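Q: coordinates only, sequence not included:
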């Protein structure tokens with residue numbers, strides 16, 4: 001059975017359309033007005049082995065927050081829809097990813113319970129990834145994804161001095177953790193409750 005989903009969301013602030021195949025090859029078509037977000041979505045597709053199509057517009061003349069948040073919400077909900085009953089999935093995944101001086105660890109549990117732990121100590125030089133992209137938006141993206149996907153995500157930046165390196169290491173670790181957690185390894189729902 002194909003694990004795919006399509007979802008759109010339109011508000012006064014943003015319009016987001018996502019098409020997802022969680023058993024893909026890493027192909028993506030990403031069109032957002034936020035360059036760093038587009039880059040990170042491509043990273044999730046490539047390293048998570050997802051086929052991902054995201055088209056988003058937003059009120060970026062105000063700031064990037066609404067667009068980043070809403071893309072996270074729609075991607076999380078689309079992911080939950082594609083996972084379905086979660087029958088046979090590994091459920092848990094984790095990864096460590098370095099990028100130059102940065103080292104990130106991300107752990108994912110498709111538990112049906114939304115929760116984010118985001119332990120990223122930031123010094124002054126890391127507050128901005130890009131002149132218009134504060135590091136706080138990385139946390140906002142993962143909080144939105146966790147809430148709508150109903151999954152548990154732990155993000156730990158073990159070390160890092162460059163905001164771009166730290167954020168990219170986090171997104172890559174997330175992608176690899178997701179790739180592991182979504183893998184089909186059996187036929188039962190991986191929970192003592194019998195449902196997730």
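A: Done, it's in. The shown structure was predicted, so the numbers you read here are calculated from the model rather than taken from an experiment.
Q: alpha carbons only for contacts and neighbour counts from here, please
A: Will do.
Q: Need the distance between the two termini of stretch 188-196.
A: 11 Å (Cα to Cα, to the nearest Å).
Q: backbone phi and psi for the residue lying closest to residue 90 once chain neighbours are set aside, please?
A: Distances taken as Cα to Cα, 6 or more residues apart in numbering place residue 181 nearest to residue 90, at 5.1 Å, with adjacent residues excluded. Backbone dihedrals for residue 181, given as degrees, to the nearest 10, come out at phi -70, psi -30.
Q: which stretches of this structure have low pLDDT?
A: Counting by pLDDT under 70, the ranges of the chain that qualify are 192.
Q: Would you map the helices across it?
A: 35-48, 65-83, 136-149, 163-181 (DSSP state H).
Q: Can you tell me, leaving aside adjacent residues, what's nearest to residue 170?
A: Nearest to residue 170 is residue 104, by Cα to Cα, 6+ apart, at 5.3 Å.
Q: mind listing what the one you found touches?
A: Neighbour list for residue 104: 96, 97, 98, 155, 156, 157, 158, 159, 166, 169, 170, 173 [criterion: Cα atoms under 8 Å, 6 or more residues apart in numbering].
Q: Which of these sits closest to residue 126?
A: Using Cα to Cα, residue 166 is the member of the contacts of residue 104 that lies nearest residue 126, at 8.5 Å.
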